[in-house]
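Colleague: the following block contains a protein sequence and its predicted model.
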Amino acid sequence: MNIKHKITRFVEQPSGVLDLINGIRPIHKYYFIKIKQFTNSLNTYIDIGANQGKLIEACRLVFPKSYVYAIEPIKKHYENLSKLKNTTVFNCGLWNENTTKKFYHTKKDDYESSFIKPTSLDDNKMEDIEEIEIPVRRFDSLPINIKNPCFVKIDVEGAEPQVLEGMGKRLNEIDFIQIEQIHVTKNKEKNIISKCIKILENYNFTGFIQVGTTFYPNGLPSKSDLIFFKEKMLKEPWFKNKNE
């Protein structure tokens, strides 16, 4: 992240220093602050690709009463997440079928791990990838009790379209979905975000907010997070800006 972008984030989130002291990345908190513009309560938060659970910590800070479901294929993270209160954790990956798949585990910084074979990495070397077989499930096959409003975060390094396909009609139950948009080619999958938008439009997601763009040192955008929403939330009892 370049200096200009760091200054911009600090101006947008003046509590950032205090959050960092408390172990919360300001951008993670910011995602939930954006959701709070529309609702004072978040009954269900679903973290797909939860990793170490940093976004769960941020969720607890902004929406302390939320019930959390976390999906995480890496066992050491699953075991730590399982210790959290008011959290149900599934030790698997998500896909568009129930099967097992090859998982490309990046051993140095495992947030780059994926079920899609990478062609380039930011913080790992290609030769350090560990290939392992891991069970994957369709989201709609998991025992998840969604209570609205519901926010889903998907961070699966290129497998977002397959995850959305596996959510099936349960997308009707979700109010907000956050998806990472990669601005550079890191695997052989093409048009990932356009595939996601097509699926989401079929389930009445009508627009998105772009947040958290990061940049390489040369100024080239690396990735952004898109929070998709449904226009019908204007009619929901939990929507807080009815008269605006």
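Modeller: Now that the structure is in, tell me what you want to look at.
Colleague: all contacts plus neighbour counts: C-alpha atoms, from now on.
Modeller: OK.
Colleague: can you pull out the low-pLDDT segments for this protein?
Modeller: 1-24, 190-191, 242-244 (pLDDT under 70).
Colleague: ranges for the strands of it?
Modeller: Counting by DSSP state E, the chain has strands at residues 44-48, 67-71, 87-90, 93-94, 99-106, 129-137, 150-154, 176-182, 205-215, 221-230.
Colleague: which outside residues touch stretch 126-135?
Modeller: By C-alpha atoms under 8 Å, 6 or more residues apart in numbering, the residues outside stretch 126-135 that reach it are 73, 92-93, 98-108, 120.
Colleague: now, of those, which are buried?
Modeller: P73, C92, G93, K101, K102, F103, Y104, H105, T106 (16 or more other C-alpha atoms under 10 Å).
Colleague: nearest to F38 among these?
Modeller: Here the nearest of the buried ones among the contacts of stretch 126-135 to F38, counting by C-alpha to C-alpha, is G93; it sits at 30.1 Å.
Colleague: who's in contact with that closest one?
Modeller: By C-alpha under 8 Å, 6+ apart, the neighbours of G93 are G49, I71, E72, P73, I134, P135, V136, R137.
Colleague: ChimeraX command for the buried members of those?
Modeller: ChimeraX command restricting the contacts of G93 to the buried ones, with burial defined by 16+ other C-alpha under 10 Å:
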select :49,71,72,73,134,135,136,137
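Colleague: distance check, D110 against Y216.
Modeller: 19 Å (C-alpha to C-alpha, to the nearest Å).
Colleague: counting neighbours, go ahead and name the busier of the two.
Modeller: Per other C-alpha atoms under 10 Å, whichever of D110 and Y216 has more neighbours is D110, with 16 against 12.
Colleague: K169 versus that one, what's the distance?
Modeller: As judged by C-alpha to C-alpha, D110 and K169 stand 31 Å apart.
Colleague: got it, and K36?
Modeller: To K169, K36 is 25 Å away according to C-alpha to C-alpha.
Colleague: again with N96
Modeller: 13 Å.
Colleague: and if you look at M126?
Modeller: The gap separating M126 from K169 is 37 Å, by C-alpha to C-alpha.
Colleague: also C92?
Modeller: Distance, C92 to K169, using C-alpha to C-alpha: 20 Å.
Colleague: try I182
Modeller: Counting by C-alpha to C-alpha - I182 and K169 are separated by 26 Å.
Colleague: what of Y111?
Modeller: 28 Å.
Colleague: ok, G219 next?
Modeller: For G219, the distance to K169 (C-alpha to C-alpha) stands at 40 Å.
Colleague: so P221 touches T213, yeah?
Modeller: Yes. At 7.0 Å, P221 counts as touching T213 under the criterion of C-alpha atoms under 8 Å.
Colleague: so these two - more neighbours on which side?
Modeller: Comparing P221 with T213 by neighbour count (other C-alpha under 10 Å), the higher total belongs to T213, at 19 against 15.
Colleague: how about the more buried one, nearest residue that isn't a chain neighbour?
Modeller: What sits nearest to T213 in space, not counting adjacent residues and going by C-alpha to C-alpha, 6 or more residues apart in numbering, is S224, at 4.1 Å.
Colleague: can you give me the helices in the protein?
Modeller: Secondary structure of the chain by DSSP state H: the helices cover 3-12, 16-21, 26-36, 54-62, 75-81, 160-167, 192-201.
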